[in-house]
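**Student:** sequence first, predicted model second:
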Amino acid sequence: MNSPRQNSLTDTSNNMATRIAFYTLGCKSNQYDTEIMKKESEKRPGYRVVSFGEDADISVINTCSVTTGADRKSRKYIRRAHRRGETVLVTGCYVTLNSDVIANIDGVDLIFPNSHKYEFRQVLETLEKGYTGIIDDREAINWDLDSETIGRDRNHTRAFVKVQDGCSNNCSFCKVRYLRGPTRSKSPGKVLEEARELGDNGFSEIVLTGVNLAEYGAEGLILPDLLEELTGVKEISRIRLSSINPAGITKELLDVFQFSRKLCPYFHVPLQSGSNEILDSMERNYTREKYLERIEMIKKRLEAPTFGTDVLVGFPGEGEDDFKRTKEIIEKVKFLNLHEFRFTPREVTPAANYDDRIDSTVKKERADEISHLAAETAGKVRRRFEGKRLKMVLEEPSKIIDGWRGYARNYLDLHLPKNSVEERVARGDTVTVELERAGDEFNLAKRPESLALNRSP
């Protein structure tokens, strides 16, 4: 640690609770980590968690560094918290390689690595002792996922459960393996314990998340084995997967999906590029043919699955033919959700030194074209479900209509008018609906008149 603080921030001897707020950038794994820190805060006497933007004494910015845009946004929220006069703590992936940069931002009081999120009570204790600066523990990148679990997720109706962290892939454009460390997994017993506790606390739906879910493996079990175990947790009625690489789409995985209706048939499978030459340069370890083979396997084995993906445009050497091949796959698969990114060189990655860079204007044009194509194909997917009955979990009041917003098992985003449900329904209830109209702005659902309220999954 560096120098002592001029004034002690926290006086736990008085009756005034110290208000602590969190802002999270980036992936579901980062969001899960924030829940760990909130839980740790509440275990330490004298702290109360408040929403970011409320009056707070401390703000914790949980940063992301997967893109230059994420770095920029992280700095933005650090400065925002400082302008409000709050004590500012910074953690997350941006810290791992750029702690000195963050330390030079006005108003940053304490910087700590990803590993210390799981020891957040000790971080607060360090702050209380009056120290500022950087907790530098570069050897602690391989932290134990079994050390902490969550019992609730304050920001979602569905709860994230991180079962894996780190990555052993060597994608030439990606910093994640440098930021999150080697691949490792949470023990099956801990995952089941966490799922039961979340279910007991009212979370009927969980989302399994990780940096590379396809690499899950603990105590001789792989991801399909873990899913089979989780389907037996009676407190949970829905189980989703977050992003999973093509290697994780296996016959064994789909066997479990066919076995249980608890598993939701939505698969977010990153593509990045439809060109074999670009995929090889990215070191993605699959071809366009192998990718499409995995998608077709899902379609043949499961009823009406939907898909999401990530696409990276403007990778060094990406020509018009390479870009065309990416568009061909988007048109063929018809993704319900697609996230497009423009390549930016990231320090420490091999691709940062690749020649044949693509002009920024071309990258923007390609990103815009992908975005328009994705919107068009997603509309076709949504319209396929018009007139179909779907199970919808009521998640929050709709901001578009007077009613509810929620999701079907296939991750279709639905809005249901208030007069379509009984007054006694509550957040987290499951109702049977019919998709009345799939629109560009929102998907309007209605309750089939023949059905009474259905709270089952």
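**Tutor:** Arrived safely, thanks for sending.
**Student:** just the helices from the stretch 351-457 of the chain, written as ranges.
**Tutor:** For the stretch 351-457 of the chain, the helices defined by DSSP state H, counting those that start in this stretch occupy 360-383.
**Student:** residue 309: what's its closest spatial neighbour, skipping adjacent residues?
**Tutor:** The shortest distance from residue 309 to any non-neighbouring residue, by Cβ to Cβ, 6 or more residues apart in numbering, is to residue 271 (4.6 Å). (Each C-beta comes from the backbone N, C-alpha and C, glycine too.)
**Student:** the one you found against residue 308, yeah?
**Tutor:** No. Assessed by Cβ atoms under 8 Å, residue 271 is found out of contact with residue 308, at 9.9 Å.
**Student:** more neighbours: which of those two?
**Tutor:** Higher neighbour count among residue 271 and residue 308: residue 271, with 25 against 20, using other Cβ atoms under 10 Å.
**Student:** and that one, how far from residue 374?
**Tutor:** Computed as Cβ to Cβ, to the nearest Å, the residue 271 to residue 374 distance reads 11 Å.
**Student:** need the contact list for the closest residue to residue 263 other than its chain neighbours.
**Tutor:** Spatially, and ignoring its direct neighbours in sequence, residue 263 is nearest to residue 257 (4.7 Å; Cβ to Cβ, 6+ apart). Residues in contact with residue 257 (Cβ atoms under 8 Å, 6 or more residues apart in numbering) are 227, 263, 265, 301-302.
**Student:** low-scoring stretches of the stretch 301-450 of the chain, by residue?
**Tutor:** Residues of the stretch 301-450 of the chain meeting the criterion pLDDT under 70: 449-450.
**Student:** which residues are in contact with residue 326?
**Tutor:** For residue 326, the contact set (Cβ under 8 Å, 6+ apart) comprises 271, 273-275, 311, 313, 370.
**Student:** just the buried residues out of those residues, in PyMOL syntax.
**Tutor:** Here is the PyMOL command that selects the buried residues among those (16 or more other Cβ atoms under 10 Å):
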select buried, resi 271+273+274+275+311+313+370
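**Student:** strands - which of the contacts of residue 326 land there?
**Tutor:** Among these, DSSP state E puts 311, 313 in strands.
**Student:** residue 443: what's it in contact with?
**Tutor:** Counting by Cβ under 8 Å, 6+ apart, residue 443 touches 382, 412-415, 435, 437.
**Student:** narrow those residues to those that are buried.
**Tutor:** Neighbour counting with 16+ other Cβ under 10 Å marks 382, 412, 414-415, 435 as buried within the contacts of residue 443.
**Student:** what is the nearest of these to residue 201?
**Tutor:** For the buried ones among the contacts of residue 443, the closest approach to residue 201 (Cβ to Cβ) belongs to residue 414, at 24.6 Å.
**Student:** how many other residues sit next to the nearest residue to that closest one once chain neighbours are set aside?
**Tutor:** Using Cβ to Cβ, 6+ apart and skipping residues adjacent in sequence, the residue nearest residue 414 is residue 445, 4.4 Å away. For residue 445, the neighbour count with other Cβ under 10 Å is 28.
**Student:** so residue 445 sits against residue 393, correct?
**Tutor:** No. Counting by Cβ under 8 Å, residue 445 stays clear of residue 393, with 11.9 Å between them.
**Student:** sorry, back to before: show me the beta-bridge partners of the residue nearest to residue 414.
**Tutor:** Residue 445 forms beta bridges with residue 435, as assigned by DSSP bridges.
**Student:** please, which helix or strand holds residue 48?
**Tutor:** According to DSSP states H and E, residue 48 maps onto strand 47-50.
**Student:** next secondary structure after that strand?
**Tutor:** Downstream of strand 47-50, the first helix or strand assigned by DSSP H and E is strand 58-63.
**Student:** ok so, going back, now the contacts of residue 257 in JSON lines, with neighbour count?
**Tutor:** Listed next are those as JSON lines, based on neighbours: other Cβ atoms under 10 Å:
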{"residue": "227", "neighbour count": "24"}
{"residue": "263", "neighbour count": "22"}
{"residue": "265", "neighbour count": "20"}
{"residue": "301", "neighbour count": "15"}
{"residue": "302", "neighbour count": "14"}
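**Student:** make a markdown table from the residues you listed and add distance to residue 121 and secondary structure to it.
**Tutor:** Shown next, in a markdown table, are the contacts of residue 257 (distance: Cβ to Cβ, whole Å; DSSP: H, G, I helix; E, B strand; the rest coil):
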| residue | distance to residue 121 | secondary structure |
| --- | --- | --- |
| 227 | 33 | helix |
| 263 | 36 | strand |
| 265 | 40 | coil |
| 301 | 46 | helix |
| 302 | 43 | coil |
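**Student:** quick one, what contacts the residue nearest to residue 309?
**Tutor:** Applying Cβ under 8 Å, 6+ apart, we find residue 271 in contact with 291, 309-311, 326, 329.
**Student:** between those, which sits nearest residue 130?
**Tutor:** The closest of those, once distances to residue 130 are taken by Cβ to Cβ, is residue 310, at 43.7 Å.
**Student:** in the strand holding residue 48, what counts as buried?
**Tutor:** For strand 47-50, the neighbour count (16+ other Cβ under 10 Å) marks 47, 49-50 as buried.
**Student:** stretch 212-229 too?
**Tutor:** Residues 212-216, 218, 221-229 are the ones in stretch 212-229 that count as buried (16+ other Cβ under 10 Å).
**Student:** show the end-to-end separation of that stretch, please.
**Tutor:** Length of stretch 212-229, first residue to last, Cα to Cα, to the nearest Å: 20 Å.
**Student:** average pLDDT for that stretch, rounded please.
**Tutor:** Across stretch 212-229, the average pLDDT comes to 97.
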